[in-house]
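Undergrad: Okay, sequence plus prediction incoming.
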Amino acid sequence: MKQKNKVKMLIKLQLLDNLSWVLIVVFYLFFALLRPAGMLQLRTIIFIIYSSIPLGFLVFGTSLCLIGGRIDLSIAEVCGFVAMLSALIVTRWAPFIPPPFDVLVPILIGAGCGFLNGFLVGIIGLNPFLSTLGTSLAFDGATLLLQSYPVYKGFSKPYLAVGGINYISIIVVVLVVVLLQLILTRTGFGSHIYAIGGNAQSAEMVGIDPKRMYLTLYTLSGVFAGFSALAYTGFLRAVPPGLADGNVFLAFGGAIIGGISLEGGRGSMLNAFAGVLLLGLIEAGLSMFNVSPFLRKIVYGILVVLAIMLNQYRNIVRDKLLMPVIDETDKIKE
Amino acid sequence: MAQDLKKTPFLEMCNIHKWFGKVHAVNGVDLTVDSGEVVAVIGDNGAGKSTLIKILVGLISKNKGDIFLEGNRVDIKSIHDSRKFGIEPLYQDQAIVDCMKVFQNIYLGREQYKKYGPFNFLDLQKMKDESEVLTRKLGLNISSPDQEIRFCSGGERQGVAIARTMCFKAKLIILDEPITALSLKGVKQVVNFITELKKNNIGVIIIEHNLGHAYSVADRFVIMSRGKIIKNVKKTETTLDELEEITINL
């Protein structure tokens, strides 16, 4: 009987911890019931995954910072800036960079932009919200200063492949998700990210250097902005000046729907990925019904609010399930 | 010769000075701790006890003075240095991360790894198994090393923090107000932990501003005021009343 209860509890916990995957199934079935002809096709499923990937990289960067207890508001603008600067470098200023090495250009520039954020937040100790808000404005302006019209020719095939060929795009994102999940759950570095996100002061007391960790996290966030820039460029086959503008909100939405805690120290990259796919699925579903882009924005907004409420409720239920029987007289400090 | 070796204390801090601007936070302090000895450092806020301990664990640097461990002069510049020498601080808030599991907290900052080809990954099973052994040894009633620490009681959290220090073969453990804000049961648990440490010949420094908390477990009392030691006495040579008299008149 006891064993049966334990199994029941473990199943409940698994469902709660992977709620975003459960929601994907629910929403998919919902749309499939309404539009079986469109939704039940394999190419639709592949397109939903493929079209979610550029935003997905932004969600990974956002999620990493959030798990580490920090916020990166500049990730979308970094992505736009990196995409434009890299496009100009690989097509005009340094077309001699041999493919496929040109794909490294946005990754490296992204890392540099992320390093700048990391330096401001981690080393100087500025407020992460305000300093990344500042850099976001600066990167936005810098993008327009570089060029106020699109770049659409001169890219090499490998440069466009990461975002332009669906199976390559999917393979890359799956590898990145697996790698990130492995790093977070099976390495000391991953464990330290959760530790600084959960309690930076305690982490420092046991010898973890939060400054260095923040620097690394923001740099990684920049790297993912670089990946996203590459994916957007391939997907659109061009770099418009407003690329990824305002996508920071969607990136946060994806992370939160995926169960990443805004308070830090909690979350899984697999579930964050599910958050992105859920956004992609809803986008596809709404497109099938010709819902206007303005209405879609409203739906996304409602979805994010619902996700926050759902996360809070999930935490309460999870705590109830996990709470061991504690002698109340001994229960913790007042 | 053997007699001399026996007399060498594990820790000897000699003539330690620390200034913060014009404030002389630690003023020529001498402190010794033997292996298996429990020394209570008592003093009000601003007495210099926390500064002294921070110097010992390498969180801040001293302006003057020497530190000897087992008779050898050492230079402790960081918390990594102090750990290398077997000195383990245990802070007031236990340096615990609430959202992490018991075994993750015990090994935080010093995770155990297993090699998979060229890669080093966390050895989760080993950490869980060893955490279970340690928590049992300390008599902690934690259902599983996988339990999140926020579900633990105050005494259990203190126990986990102590398990962390024992796990790494500490020779000297520093407890910063380990009893404050604990329930009666929690206090009893912590006293048992300290007794266990003594049995294992581990030296203990307890930082307390409340004499009553420290009296039951300490072997020696060092009372500090305004950066100086004003009394250094063994428990056998004093009484609680006498110590209270001194602390009241600080």
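TA: The structure has been received and is ready for your questions. Just so it is clear, the model here is predicted, and its values are computed rather than measured.
Undergrad: which one in chain B is furthest away from the centre?
TA: B:Gly117 (38.3 Å; C-alpha atoms, centre = their mean).
Undergrad: Read off the pLDDT value for it.
TA: For B:Gly117, the pLDDT comes out at 89.
Undergrad: what's near enough to touch B:Ile67?
TA: Contacts for B:Ile67 (C-beta atoms under 8 Å, 6 or more residues apart in numbering or on different chains) come out as B:Leu11, B:Glu12, B:Met13, B:Cys14, B:Ile16, B:Ile55, B:Leu56, B:Arg73, B:Val74, B:Asp75, B:Ile76. No exception for glycine: its C-beta is placed from N, CA and C like everyone else's.
Undergrad: how much space is there between the second one and chain A?
TA: Which is B:Glu12. 25 Å (C-beta to the nearest C-beta, to the nearest Å).
Undergrad: in stretch A:11-19, what's buried?
TA: A:Leu16, A:Asn18, A:Leu19 (16 or more other C-beta atoms under 10 Å in any protein chain shown).
Undergrad: Repeat that for stretch A:110-120.
TA: Neighbour counts over stretch A:110-120 (16+ other C-beta under 10 Å) mark A:Gly110, A:Ala111, A:Gly112, A:Cys113, A:Gly114, A:Phe115, A:Leu116, A:Asn117, A:Gly118, A:Phe119, A:Leu120 as buried.
Undergrad: So B:Ile179: helix, strand or coil?
TA: coil (DSSP: H, G, I helix; E, B strand; the rest coil).
Undergrad: still on that earlier bit, now, which of the contacts of B:Ile67 lie within helices?
TA: Of the positions in the contacts of B:Ile67, B:Ile55, B:Leu56 sit in helices, assigned by DSSP state H.
Undergrad: List just the nearest of the contacts of B:Ile67 to chain A.
TA: B:Ile76 (13.3 Å; C-beta to the nearest C-beta).
Undergrad: Model confidence score at that closest one, please.
TA: 91.
Undergrad: Over to B:Ala161?
TA: 83.
Undergrad: OK, contacts around it?
TA: Applying C-beta under 8 Å, 6+ apart, the residues near B:Ala161 are B:Leu90, B:Tyr91, B:Gln94, B:Ala95, B:Ile96, B:Asn105.
Undergrad: Also A:Ile257?
TA: Neighbours of A:Ile257 in contact, by C-beta under 8 Å, 6+ apart: A:Ser20, A:Leu23, A:Ala274, A:Gly275, A:Leu278, A:Leu279, A:Leu303, A:Val304, A:Ala307.
Undergrad: Where does A:Tyr214 sit, in terms of helix or strand?
TA: Using DSSP states H and E, A:Tyr214 sits within helix A:210-236.
Undergrad: meant to ask about B:Asp146, not that
TA: Judged by DSSP H and E, B:Asp146 forms part of no helix or strand.
Undergrad: That one: how many residues sit nearby?
TA: Here the number of neighbours of B:Asp146 (other C-beta atoms under 10 Å in any protein chain shown) works out to 15.
Undergrad: Surely it touches B:Gln104?
TA: No - applying C-beta atoms under 8 Å, one finds B:Asp146 not in contact with B:Gln104, separated by 9.2 Å.
Undergrad: residues near the residue of the stretch 51-200 of chain A found nearest chain B, how many?
TA: Using C-beta to the nearest C-beta, the single residue of the stretch 51-200 of chain A nearest to chain B is A:Gly198, 4.0 Å away. Residues contacting A:Gly198 under the criterion other C-beta under 10 Å number 27.
Undergrad: gap between it and A:Ile67?
TA: 9 Å (C-beta to C-beta, to the nearest Å).
Undergrad: Which residues are in contact with each of these two?
TA: A:Gly264, A:Gly265, A:Arg266.
Undergrad: Keep the residues you listed, but drop any that are not near chain B.
TA: Filtering these for proximity to chain B by C-beta under 8 Å from any C-beta of the partner chain leaves A:Gly265, A:Arg266.
Undergrad: of the shared contacts of A:Gly198 and A:Ile67, closest to A:Ile256?
TA: A:Arg266 (11.5 Å; C-beta to C-beta).
Undergrad: about what we covered before: of the contacts of B:Ile67, buried ones?
TA: Listed as buried from the contacts of B:Ile67 are B:Leu11, B:Glu12, B:Met13, B:Ile16, B:Ile55, B:Leu56, B:Val74, B:Ile76; burial here means 16+ other C-beta under 10 Å.
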